[in-house]
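Visitor: 3D model of this:
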Amino acid sequence: MKKYRVLNIEDNNIYKVAIQYALKRSEFLSLCSFKHHHAKDLNENYFSFVRCLSEYEEGENVHLKTPRIYTKGQQHHIYRITKGLEKTILSVPALTAWCTPDYPEDPTFYINDNPWIETISHERIMYISTNDNDLFSGLLQCGVKCIEVEIY
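Guide: Predicted structure coming up:
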C-alpha cells in the first residue's frame, strides 16, 4: 500500500474539492470524539452537528479498520455516506475546523472497510493510502499535491 501526505490541504478550496471527491468515492466516514472532553467544554454547534449526523451512524453494525492515530481515549463514530450526510459534512468550511469544541475531529474515509483518507485535523494533516491509481489520479485532478511517505 502506498501512503501519501497531502501538502496543500490548508487551501480551503483544495480541501472542499478533495472532500467532495472522497465523499463520492467512499462507503463510510468516521469521526473521533475524545473521552477527556467533557460536555461542558463543547460548544452548542458540536451537539447540533452530531445530532444532524445521528441518523447516519452505523454503530456496532460495521467493523472497519480504524486508523491508528491515537493510542487511547478516542471513540470512532462510523457513518454510512449518503446524500444527506454529504451535505452535513460539506458544511464544515475547512480541515482546521474539525476540532473540538466546535466539531468532532479527524474525518477518515473508507473503501472496502479500510481507511484510504485519514486526517489529523488539529495538526492540519491529511494522508492518502491506496494502490488504486485511478482513485489517486482523481485526487490529483482535484488539485491535491502529495509526497509519498514511509509506512511504519
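
Visitor: Need the nearest residue in space to the residue nearest the centre of the chain, chain neighbours excluded.
Guide: Closest to where the C-alpha atoms of the chain average out (C-alpha atoms, centre = their mean) is P107, at 1.8 Å. Nearest non-adjacent residue to P107, counting by C-beta to C-beta, 6 or more residues apart in numbering: T119, 5.4 Å away. (Each C-beta comes from the backbone N, C-alpha and C, glycine too.)

Visitor: just T96 next, same as before
Guide: Using C-beta to C-beta, 6+ apart, the closest residue to T96 is R124 (5.9 Å).

Visitor: now do D41
Guide: That would be P101: by C-beta to C-beta, 6+ apart, it lies 5.8 Å from D41.

Visitor: Run through the residues that contact that neighbour.
Guide: H37, D41, L42, N43, Y46 (C-beta atoms under 8 Å, 6 or more residues apart in numbering).

Visitor: Quickly find the element holding the first one.
Guide: Spelled out, it's H37. Assigned by DSSP states H and E, H37 belongs to no helix or strand.

Visitor: can I assume the residue nearest to T96 is in contact with L7?
Guide: No: in this structure, R124 is not within contact of L7 by C-beta atoms under 8 Å, at 10.8 Å.

Visitor: Return the distance of the residue lying closest to D11 once chain neighbours are set aside relative to A18.
Guide: In this structure, D11 finds its nearest non-sequential neighbour in G143, 7.9 Å apart by C-beta to C-beta, 6+ apart. When distance is defined by C-beta to C-beta, to the nearest Å, G143 is 8 Å away from A18.
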